[in-house]
Every structure is written in structure tokens, then in C-alpha cells.
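> Dropping a prediction and its sequence here:
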Amino acid sequence: LAVLAPRPLRAAARSGETAPGWSAAVGVLSVPAVLALVVAFAVSIIAIPAILLLVPAYLALLFFGALVAAYLIGRRIVLATGRYRSGDALAAIVGALAVSTAYLIPFVGGLVVYGLALFGTGAAILALFSRRRATHPSYEDYVRDRRAP
């Protein structure tokens, strides 16, 4: 995804960096919102087929949120090592490895990964509804401009 569609991934990661509290809050509040929509659709008999579309769409959004969180963590690790010019694919791979190691933590690993997925989901939702343009397309471009003589 970092290679095929880098703009949505970067936009969501930028949203998660600039407003981490809002991203986490929106991600956590998205769960009861989807549950309320499912109940409302189930009560109205006509909208029951919409549930068949809503649930897989939300699960796809959660998966995208997990990818956003992994990319954000990977980008931070790659930037900390000084290899910010390596690209988005390396950041996504490093982040995926870092997030997958969270599963090795007994009893807590699943909650950590689910929390990161909700954080990334909130960042993706905020990026979807954000209308402002950044001065730099990515944090790497900002660092590159700051280091240029």
C-alpha cells in the first residue's frame, strides 16, 4: 500500500502526527458509532442489506488504520536512524515488523495492536475530513528542506 497508494497513507500518517489525541479519540468513538449504525439499520428492515456493506467496509477501515499506525511507527524508526531518504516501502516494512512484535507480548499484545489500529483508523478518518493543505507534502520533505544549506 505504501508503494501503490502513498498519498492516502501519508495524509493519514500526517494527521496522526499532528493530532494524536484527536486521532485516538475519533478511532475509539468510531466503534460505538458503527455499532449504533448497525442497530439502526437492523431496526429499519429496509436498510438490512446496508449492514452487509457497512461491516466489511468498517473492517477494511480498521485494517487500513493498522497499516497507517505501522507506517507511522516505521517512519519514526527510519527517521531516527537517519535513513529518511530510503522511502515509504522501507518505513512500512519496519513498522509492520515493529507492530507484529507486539503480538509476542503475552495477554497484552492483541490489545496494543487493536489500540494502534483504532489510532490509525481515527487518523484516517481525520485525514478524510481534513481540508487544509500542508506546506510540505511529507515530513521527509520538511526535514530535507530544513537540512538544506
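Perfect, thanks for sending it.

> Where does pLDDT dip in this structure?
84-86, 131-137, 146, 148-149 (pLDDT under 70).

> Mind checking what secondary structure residue 82 has?
Three-state assignment for residue 82 (DSSP: H, G, I helix; E, B strand; the rest coil): coil.

> Any idea how many residues pack against it?
Residue 82: 8 surrounding residues under other CB atoms under 10 Å. For the C-beta atoms, the positions are set from N, CA and C on the backbone; glycine is no exception.

> Likewise for residue 95?
26.

> Just give the closest residue to it, not the sequence neighbours.
Closest residue to residue 95 apart from its sequence neighbours, by CB to CB, 6 or more residues apart in numbering: residue 74 at 2.4 Å.

> Does that neighbour touch residue 89 like I think?
No - if you go by CB atoms under 8 Å, residue 74 and residue 89 don't touch, sitting 9.7 Å apart.

> More neighbours: which of the two?
Set residue 74 next to residue 89 and count neighbours by other CB under 10 Å: residue 74 wins out with 24 against 14.

> Next up, the contacts around the more buried one.
90, 91, 92, 93, 94, 95, 96, 97, 98 (CB atoms under 8 Å, 6 or more residues apart in numbering).

> Next step: the residues you listed restricted to helices.
In this view, these that belong to helices under DSSP state H are 90, 91, 92, 93, 94, 95, 96, 97, 98.

> all helices of this structure, in order?
Going by DSSP H, the chain shows helices at 6-18, 20-43, 48-80, 88-100, 109-129, 139-147.
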